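>>> Okay, sequence plus prediction incoming.
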2 protein chains.
Amino acid sequence: MATGGRPGGEPGKRRPTSKDVAAAAGVSRSAVSFAFNDPARISEATRERILAAARELGYVPNAVARMLQAGQTKSLGVLLPQNVAKVMENPYYARFLLGVGQVCDREGFTLLLTPPLRDSMLKAIPYAAVDGFVVCGLETDRGEVEELRRRGIPFVLVDSDAAEGAPSVDVDDRNGAREAVEHLLQLGHRRIAVLSIDPGPTVATVGYRGSLSRRMAGIAEGLSGAGMTMNDVELLEVPCTRAEGYRATGAVMAGRAPTAILALSDVLAIGAVDALHELGLRVPGDVSVTGFDDLPEASWLRPRLTTVHQPIAAKGRLAAELLVSAVRGEDQHPHQVLGTALMVRDSSGRAPAPGGTGTRTRR
Amino acid sequence: MATGGRPGGEPGKRRPTSKDVAAAAGVSRSAVSFAFNDPARISEATRERILAAARELGYVPNAVARMLQAGQTKSLGVLLPQNVAKVMENPYYARFLLGVGQVCDREGFTLLLTPPLRDSMLKAIPYAAVDGFVVCGLETDRGEVEELRRRGIPFVLVDSDAAEGAPSVDVDDRNGAREAVEHLLQLGHRRIAVLSIDPGPTVATVGYRGSLSRRMAGIAEGLSGAGMTMNDVELLEVPCTRAEGYRATGAVMAGRAPTAILALSDVLAIGAVDALHELGLRVPGDVSVTGFDDLPEASWLRPRLTTVHQPIAAKGRLAAELLVSAVRGEDQHPHQVLGTALMVRDSSGRAPAPGGTGTRTRR
DNA sequence: CTGAAAGCGCTTACAG
DNA sequence: CTGAAAGCGCTTACAG
């Protein structure tokens, strides 16, 4: 429904209300309501008359009024860390929303996409007509979670830092990242570039947050097994798009030219592979590439991408299920962590002979 | 916000209302409202007291109540032809929603995804708290558009049959499909399979609708240039997923084995290419494949997909812009048609020597 | 079987 | 500068 007085189809016509229908059918507004919601309570004749009047006037009950009265919206909000366009550009979110959508479809909820308001995810809350929020990638400091909780609105945190007691769903980012590094190290790679996701401005003041911090920790852990530290890898941080992965890879290959690129998202890895091909380099012959996410696309590509699988849709599904429970006031199962797994495919291989860009064909 | 009494964070705590805040701060409810919406109207001391009380109680204004009173929701609905999970599985929609999202972000609207209710797109309308709808792929018969219009809710039709007077956005499907066929015919293909999107049950009773009907017409037109008709091609209709494209291609190659597959979506085409590779067939050496949409993925793949480009994001953007105009009661610019263009890339080539599966390597 | 009344939580002219 | 009152459009006990 639309609350606005101005219609699109027939300009100038105010949307009819139950009062209009009641008048047209010569009954009370309650009778109109019953005709729609509890047909058994009125005689068939009256009901037919009301429904006919409604059809005639183009009446449908106002959704907002109904929600206010019902005290529920039957709609779930997804509080996004970026604007809608950015999110939709990222296949990761399409997959995540698929999972959330499965639950919405099954439970009869509709799905509201809520981007930050004036750069704040929390500020968007009072403008969303929903029964609760799936909060994506909130860069939590305790304050924000506390604030969420104080408002008494059901919510589930995804890809954040687990805040004690707050229902949340994560994957084992640390383990996934560690496995990816170890894989590359085992293949003999020592000059590794980490193609990471731009953590935004807050990183300077508060350090890494959420999944990114766990992945960084996993990388450090993996490196330490080979006696290396984060200082021994080249770290690039870019927005999470194929184009940026492409661009950054061009830049890094023009410089210290690693033998392996460990990307923290498949989208970035895909851009990296393209850039390497464009430079006339073979993947994995000259440079190995690993991704993170295991998007469906990762195995469509040639070479098929070696990447860290995370159950994205399942994460969305679980988050939505926890949220629906919370909305219904059922018990909470606070902190859930789903597993990751390294998928070794074709984009990673042994490091080229040590010491050398020698054999490498540069266009 | 959430209207529900049951919070997720602190169970049992009723959400505070402006009345609670007013009581705590010792002022009237109007004062509370002013503190949030028109701070200049009250003294700084009072305002601070109110805001402090609100913070203390975890109060945020109820979005639904606010919408009801304002007569607008600042949110746009997308009326989907399928459930949310299905839609999110289709990269076409991700791209379309990207376009819609750009406008929402810019104009400060939030985006509600509304799947059909009991198989009816129209039935979902009275449950959506939005100012208007982008209606995707409605299988219009005049009745439904008429009903939409009578309800006085702003709407814009996308990928439907243009209904006179109803604002709508389409692409030139017919031309796109015709170009794809002509391209294959020019390359010498005569045994062509059309891998089409399952039109759903209504097709039996009312024939093809919307973009699908236009694409079919374009194909027929293209074929006629070579003295062929629809009877001379093999038509397969499957749900629009990569997996179904894969499956159908396996089936069709086991049968009459065309030299070209014209898919009516990139997702299907991608599945087709995979299936052909799996069968040990070369693309385009043994079989040519063309797609429709020109998803970003189409040019990531090897071979890069020959496909019909349609400006998906632009379509979403334009639809949302028209809708926002309608919501604001501005003038309508009814029927907009965006262009398509054949992108000839690497998945299509000359038909193999006529007459023969002879040279083909079958695993 | 039907109607008058209260109330969901907010905002906003209107008085003071 | 602040408060009491009406109203957004609906639903639902409660009387009749």
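Looks like it came in fine. Note that this is a predicted model, so its numbers are computed, not measured. Numbers count the residues shown, from 1 in each chain, chains lettered A, B, ... in the order given.
>>> can you pull out the strands in the stretch 151-300 of chain A?
In the stretch 151-300 of chain A, the segments counted as strands under DSSP state E, counting those that start in this stretch are A:155-158, A:168-171, A:192-197, A:234-238, A:260-263, A:288-293.
>>> element containing the most centrally placed residue in chain A?
Centroid-nearest residue in chain A: A:Tyr93, 3.9 Å away (criterion: C-alpha atoms, centre = their mean). Using DSSP states H and E, A:Tyr93 maps to helix A:91-107.
>>> Only alpha carbons, please: show the helix or strand that comes right after that helix as CSV.
With elements assigned by DSSP H and E, the helix or strand that comes after helix A:91-107 is strand A:110-114. The C-alpha trace of strand A:110-114 is given here as CSV (Å, rounded to 0.1, in the frame of the first residue of the first chain):
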residue,chain,number,x,y,z
THR,A,110,9.1,-9.3,3.6
LEU,A,111,12.6,-8.0,3.3
LEU,A,112,13.7,-4.4,3.8
LEU,A,113,17.1,-3.2,2.7
THR,A,114,18.3,-0.4,5.0
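>>> who's in contact with the spatially closest residue to A:Gly271 that is not a sequence neighbour?
Residue nearest to A:Gly271 in three dimensions, not counting chain neighbours: A:Gly245, with 2.7 Å by C-beta to C-beta, 6 or more residues apart in numbering or on different chains. Heads up, the C-betas are built off the backbone N, CA and C, glycines and all. Each residue near A:Gly245 by C-beta atoms under 8 Å, 6 or more residues apart in numbering or on different chains is listed here: A:Leu195, A:Val238, A:Ala263, A:Ser265, A:Val267, A:Leu268, A:Ala269, A:Ile270, A:Gly271, A:Ala272, A:Ala275.
>>> same thing but 6 Å
Neighbour list for A:Gly245: A:Leu268, A:Gly271, A:Ala272 [criterion: C-beta atoms under 6 Å, 6 or more residues apart in numbering or on different chains].
>>> try A:Ala263
So A:Ala263 contacts A:Leu195, A:Ala269, A:Ala272, A:Gly291 (C-beta under 6 Å, 6+ apart).
>>> Identify the bridge partners of it.
Listed by DSSP bridges, the beta-bridge partners for A:Ala263 are A:Leu195.
>>> Quick check, pLDDT for it.
For A:Ala263, the pLDDT comes out at 98.
>>> Against DNA strand D, how distant is it?
Remark: distance between A:Ala263 and DNA strand D (C-beta to the nearest atom of the strand, to the nearest Å) = 51 Å.
>>> same question, A:Glu164
Counting by C-beta to the nearest atom of the strand, the gap from A:Glu164 to DNA strand D is 38 Å.
>>> again, but for A:Asp346
A:Asp346 is 57 Å from DNA strand D, by C-beta to the nearest atom of the strand.
>>> Chain neighbours aside, what residue packs nearest to that residue?
Leaving out its chain neighbours, the residue that sits closest to A:Asp346 by C-beta to C-beta, 6+ apart is A:Pro303, at 3.6 Å.
>>> Tell me if the helix or strand harbouring A:Leu322 is near chain B.
If you go by DSSP H and E, A:Leu322 is part of helix A:312-327. Yes: contact of helix A:312-327 with chain B (C-beta under 6 Å from any C-beta of the partner chain) involves A:Ala326.
>>> May I see the buried residues of the very next helix or strand once past that helix?
Along the chain past helix A:312-327, the next helix or strand (assigned with DSSP H and E) turns out to be strand A:335-338. Residues of strand A:335-338 classed as buried: A:Gln336 (neighbour count, 16 or more other C-beta atoms under 10 Å in any protein chain shown).
>>> For strand A:335-338, which strands pair with it and how are they oriented?
strand A:168-171 (parallel).
>>> Can you give me the neighbour number for the residue of the stretch 101-250 of chain A found nearest DNA strand C?
In the stretch 101-250 of chain A, the residue that lies nearest DNA strand C is A:Pro126 (8.4 Å; C-beta to the nearest atom of the strand). A:Pro126 sits with 17 neighbouring residues when counted by other C-beta atoms under 10 Å in any protein chain shown.
>>> mind checking the SS state of it?
Three-state assignment for A:Pro126 (DSSP: H, G, I helix; E, B strand; the rest coil): helix.
>>> Look at it and report its pLDDT.
Reading off the model, A:Pro126 has pLDDT 91.
>>> Which residue is the nearest non-sequential neighbour of it?
B:Val60 (4.2 Å).
>>> Can you report how many residues lie near the one you found?
Neighbour count for B:Val60, taken as other C-beta under 10 Å: 22.
>>> And A:Ala129, by the same measure?
31.
>>> do the one 10 residues further on as well
Using other C-beta under 10 Å, A:Glu139 has 19 neighbouring residues.
>>> Checking my notes, it in a strand, right?
No: counting by three-state DSSP, one finds A:Glu139 to be coil, located in no strand.
>>> Please name the spatially closest residue to it (chain neighbours excluded).
A:Glu139 sits nearest to A:Arg209 (C-beta to C-beta, 6+ apart), 4.3 Å away.
>>> neighbours around that neighbour, how many?
20.
>>> Model confidence for it, exactly?
Looking at A:Arg209, its pLDDT is 82.
>>> show me what contacts the closest residue to A:Asp161 other than its chain neighbours?
Spatial nearest neighbour of A:Asp161, excluding adjacent residues (C-beta to C-beta, 6+ apart): A:Thr140 at 5.0 Å. Contacts for A:Thr140 (C-beta under 6 Å, 6+ apart) come out as A:Ser160, A:Asp161, A:Ala163.
>>> which among those end up buried?
Counted by 16+ other C-beta under 10 Å, those give A:Ser160, A:Asp161, A:Ala163 as buried.
>>> Relative to B:Leu223, which of these is nearest.
Closest approach to B:Leu223 among the buried ones among the contacts of A:Thr140 (C-beta to C-beta): A:Ser160, at 55.3 Å.
>>> Verify the stated contact: that closest one with A:Leu138.
Yes: using C-beta atoms under 6 Å, A:Ser160 is in contact with A:Leu138, at 4.7 Å.
>>> Identify the residues contacting the residue nearest to A:Asp346.
Contacts for A:Pro303 (C-beta under 6 Å, 6+ apart) come out as A:Val283, A:Asp346, A:Ser347.
>>> Now for those residues, which sits with the most neighbours around it?
Most surrounded of these: other C-beta under 10 Å gives A:Ser347, at 26 neighbours.
>>> That one falls within a strand, correct?
No: counting by three-state DSSP, A:Ser347 is not found in a strand; it is coil.
>>> gap between it and DNA strand D?
In this structure, A:Ser347 and DNA strand D are 56 Å apart, going by C-beta to the nearest atom of the strand.
>>> picking up where we left off before, closest one to B:Asp331 out of the buried ones among the contacts of A:Thr140, please.
Using C-beta to C-beta, A:Ser160 comes nearest to B:Asp331 of those, at 45.2 Å.
>>> any idea how far A:Leu117 is from the closest one?
Between A:Ser160 and A:Leu117 the computed distance is 19 Å (C-beta to C-beta, to the nearest Å).
>>> Then A:Met253?
40 Å.
>>> If you count surrounding residues, which of the two has more?
With neighbours defined as other C-beta under 10 Å, A:Met253 and A:Leu117 compare such that A:Met253 has more, 22 against 16.
>>> hmm, back to that, for B:Asp331, which of the strands of the stretch 151-300 of chain A is the nearest?
It is, among the strands of the stretch 151-300 of chain A and with distance given as C-beta to C-beta, strand A:155-158, at 41.5 Å.
>>> all helices for chain A, in order.
A:18-25, A:29-37, A:44-57, A:63-70, A:84-89, A:91-107, A:142-150, A:173-186, A:202-206, A:210-224, A:242-254, A:266-278, A:312-327 (DSSP state H).
>>> least reliable of those helices going by mean pLDDT?
Of all these, helix A:202-206 has the smallest average pLDDT, which comes to a mean of 67.
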